[in-house]
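Engineer: Below are the sequence and a predicted model for it; my questions follow.
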Amino acid sequence: MLIRLGAACGCVLLVLPLVLSISEELQELVDMLHNTCVGETGTSEEAIENAKKGDFADDEKFKCYLMCIMVQMACIDEDGIVDVEATIAVIPEEFQDLAAPIIRKCDTQKGSTPCESAWLTHKCYYNENPDGETMKICVLFVLCVGFPASMCSLEEWRAMGAPIHKTCVAESGVDEVLIEKANSEKVLEDDEKLKCYILCLMKQSGWMVDDKTIDVETVVMVLPDEMKEKATPVVRACGTKVGANPCETAWLTHKCYAENGPNAYVLI
């Protein structure tokens, strides 16, 4: 069965406070895709984790896992030829400007077998890095698809959040110093641009309903695993801190997160 996750589910597969939020229904599809491809190929979870760090094992099972993921997403045919435009289409909209040139440039990296072609193409996605580490989110995206959102690490969570950070800085005009202060000192200044930056993050991530209410369980769902135990009770206790406007509501809620769970608070 083909799972055209991007087209069927609004081009949102992950994580990303990172960033991206996904519904419970979509998470079930994601888990099924991962389990199907691990079951079919027998690859190890270790090989998948290592690939997120750039270590693509020269292992037939892992190569065929990548092939399986792309087949299930209708991004490659049985001969190992990548459908470039279909691959771009399943990338969340926030990442497409960053990912599309890489995907088009890599096209299909042909190997001796269809599985090797999928593997070589993914290596190309990872290694084509003209704009720094954040370009590697193309591969993190595909490899994190196979896991619950929380199983992507904080580092990966940050990397995938980079495009949203850039968008929201531009939209709000916030001073990066205020974001750095929020992370280093857990102090969120009473600054309108910072408030609206936080609102932008939460809207881009799908964590606010109608600019008024925090979707608490969606926030909890996308927390990185190492933060989940400490952060979940804080997120639930804070709920929505209502302010005079949507920007202030987002800011007050984040202030609650930072004040009540400083060791688990990160502002991307």
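Structural biologist: Yes, it's here.

Engineer: Which helix or which strand is home to residue 48?
Structural biologist: Here residue 48 sits within helix 45-52, counting by DSSP states H and E.

Engineer: Next SSE downstream of that helix?
Structural biologist: Beyond helix 45-52 toward the C-terminal end (DSSP H and E), the next one is helix 60-72.

Engineer: could you give the mean pLDDT of the helix or strand that that next one is followed by?
Structural biologist: The helix or strand immediately downstream of helix 60-72 is helix 84-90, counting by DSSP H and E. For helix 84-90, mean pLDDT is 82.

Engineer: So which bits of helix 84-90 are buried?
Structural biologist: 84, 86-90 (16 or more other C-beta atoms under 10 Å). All C-beta spots, glycine's among them, are computed from the backbone N, C-alpha and C.

Engineer: now do stretch 51-62
Structural biologist: For stretch 51-62, by 16+ other C-beta under 10 Å, it's 51-52, 56-57, 62.

Engineer: cool, and stretch 248-263?
Structural biologist: Neighbour counts over stretch 248-263 (16+ other C-beta under 10 Å) mark 248-258, 261 as buried.

Engineer: Need the CA coordinates for it. CSV is fine.
Structural biologist: Presented in CSV, the C-alpha positions along stretch 248-263 are these (Å, rounded to 0.1, in the frame of the first residue of the first chain):
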residue,chain,number,x,y,z
GLU,A,248,0.9,38.5,24.3
THR,A,249,-0.9,35.2,24.8
ALA,A,250,1.9,33.3,23.2
TRP,A,251,4.5,35.2,25.2
LEU,A,252,2.8,34.8,28.5
THR,A,253,2.4,31.0,27.9
HIS,A,254,6.1,30.8,27.0
LYS,A,255,7.0,32.8,30.1
CYS,A,256,5.1,30.2,32.1
TYR,A,257,7.1,27.4,30.4
ALA,A,258,10.4,29.1,31.1
GLU,A,259,9.6,30.0,34.7
ASN,A,260,8.2,26.7,35.7
GLY,A,261,10.5,24.4,33.7
PRO,A,262,13.7,26.3,33.0
ASN,A,263,15.8,23.2,32.5
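
Engineer: Please work out which residues outside it touch it.
Structural biologist: Outside of stretch 248-263, the residues within contact range by C-beta atoms under 8 Å, 6 or more residues apart in numbering are 182, 186-188, 194-195, 198-199, 201-202, 208, 211-212, 214, 230-231, 233-235, 237-243, 265, 267.

Engineer: So for it, mean pLDDT?
Structural biologist: 94.

Engineer: just stretch 57-66 next, same as before
Structural biologist: 94.

Engineer: how far away is residue 104 from residue 88?
Structural biologist: Residue 104 is 8 Å from residue 88, where distance means C-beta to C-beta, to the nearest Å.

Engineer: picking that back up, adding distance to residue 69, write the buried residues of stretch 51-62 out as a markdown table.
Structural biologist: Converted to a markdown table, the buried residues of stretch 51-62 look like this (distance: C-beta to C-beta, whole Å):
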| residue | distance to residue 69 |
| --- | --- |
| 51 | 11 |
| 52 | 13 |
| 56 | 14 |
| 57 | 15 |
| 62 | 11 |
